[in-house]
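A.B. asks: Have a look at this fold, sequence not included:
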């Protein structure tokens, strides 16, 4: 079953507002990745977090990895219309084979 | 273009027919993954290869599904006796195991009538 959960499933904001999506795993992750999928497109890698408590920034995007390596978040400051898409977290499981397990994604729409 | 290539991009078939999808990964990548994605869902793991060896297959995958990567380069995913529930986007991704970043192809969209 689904081991990586994301909330919310949908988020609609006004351009300029902030946006946050949360990711939770039922098991400890070796690391976590974030992908963005534009409408009609394929997932594109954004970032990977490896260390417990790690925080990384990419311009207006801030990514966090929880201390227990079971949760993560993506925060976008002052959204722009180019941020529209679905954001997925994906975790590499520590135990078991080397497969990347995706969350169900958070779809972000923006009112200009 | 040195990205991941998938074909066909779209396939419409009747229930009960067999379909095959092909994936050409980035040439220096030794790991190749197949995922399935339905509307509003995240990519769902199907199987993966390291070079030519198939190292894991999802338990969700019935025996109607088979994948190969005969020479450790391109891969094929075959679905036999297709069912309407097989309708989805089939995504292929490759990676260099050192980085773990997956590079996805554009996908092959299957519609089973």
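C.D. replies: Everything's here; your move. On a predicted model such as this, the values are computed, not experimentally measured, just so you know.

A.B. asks: what about the closest residue to residue A:10 other than its chain neighbours, which SS state?
C.D. replies: Distance criterion CB to CB, 6 or more residues apart in numbering or on different chains; nearest residue to residue A:10, sequence neighbours excluded, is residue A:107 at 5.0 Å. (Each C-beta comes from the backbone N, C-alpha and C, glycine too.) When classified by DSSP: H, G, I helix; E, B strand; the rest coil, residue A:107 comes out as strand.

A.B. asks: pretty sure residue A:107 is touching residue A:7, no?
C.D. replies: No: applying CB atoms under 8 Å, one finds residue A:107 not in contact with residue A:7, separated by 11.9 Å.

A.B. asks: Those two - which one has more neighbours?
C.D. replies: Neighbours around residue A:107 and residue A:7, counted as other CB atoms under 10 Å in any protein chain shown, are more numerous at residue A:107. The numbers are 18 against 13.

A.B. asks: pLDDT wise, what is the residue lying closest to residue B:14 once chain neighbours are set aside at?
C.D. replies: Using CB to CB, 6+ apart and skipping residues adjacent in sequence, the residue nearest residue B:14 is residue B:113, 5.4 Å away. Looking at residue B:113, its pLDDT is 96.

A.B. asks: can you count the residues close to residue B:113?
C.D. replies: 10.

A.B. asks: What of residue B:81?
C.D. replies: If you count neighbours by other CB under 10 Å, residue B:81 ends up with 11.

A.B. asks: how close does it sit to chain A?
C.D. replies: Separation of residue B:81 from chain A (CB to the nearest CB, to the nearest Å) stands at 26 Å.

A.B. asks: dump the residue contacts of that residue.
C.D. replies: Residue B:81 is in contact with B:16-18, B:64, counting by CB atoms under 8 Å, 6 or more residues apart in numbering or on different chains.

A.B. asks: For chain B, which residues are neighbours of chain A?
C.D. replies: Listed as neighbours of chain A in chain B under the rule CB under 8 Å from any CB of the partner chain: B:31, B:33, B:35, B:40-45, B:48, B:55-56, B:91, B:97, B:99-107.

A.B. asks: Around chain B, which positions in chain A sit nearby?
C.D. replies: So far as CB under 8 Å from any CB goes, chain A lies against chain B at A:4, A:6, A:9, A:31, A:33, A:35, A:41-45, A:48, A:88, A:90, A:92, A:97-105, A:107.

A.B. asks: Can you say which of the residues you listed are buried?
C.D. replies: Neighbour-count burial (16 or more other CB atoms under 10 Å in any protein chain shown) is assigned, among the residues of chain A next to chain B, to A:4, A:6, A:31, A:33, A:35, A:42-43, A:45, A:48, A:88, A:90, A:92, A:98-105, A:107.

A.B. asks: From the residues you listed, which land in strands?
C.D. replies: Within these, residues falling in strands by DSSP state E are A:4, A:6, A:31, A:33, A:35, A:45, A:48, A:88, A:90, A:92, A:100-102, A:107.

A.B. asks: Please tabulate those residues in JSON lines, including the columns distance to residue A:54 and pLDDT.
C.D. replies: Shown next, in JSON lines, are those (distance: CB to CB, whole Å; pLDDT from 0 to 100):
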{"residue": "A:4", "distance to residue A:54": "17", "pLDDT": "93"}
{"residue": "A:6", "distance to residue A:54": "19", "pLDDT": "96"}
{"residue": "A:31", "distance to residue A:54": "9", "pLDDT": "90"}
{"residue": "A:33", "distance to residue A:54": "12", "pLDDT": "96"}
{"residue": "A:35", "distance to residue A:54": "17", "pLDDT": "98"}
{"residue": "A:45", "distance to residue A:54": "16", "pLDDT": "96"}
{"residue": "A:48", "distance to residue A:54": "10", "pLDDT": "95"}
{"residue": "A:88", "distance to residue A:54": "18", "pLDDT": "98"}
{"residue": "A:90", "distance to residue A:54": "16", "pLDDT": "96"}
{"residue": "A:92", "distance to residue A:54": "14", "pLDDT": "85"}
{"residue": "A:100", "distance to residue A:54": "18", "pLDDT": "90"}
{"residue": "A:101", "distance to residue A:54": "19", "pLDDT": "92"}
{"residue": "A:102", "distance to residue A:54": "20", "pLDDT": "95"}
{"residue": "A:107", "distance to residue A:54": "26", "pLDDT": "97"}
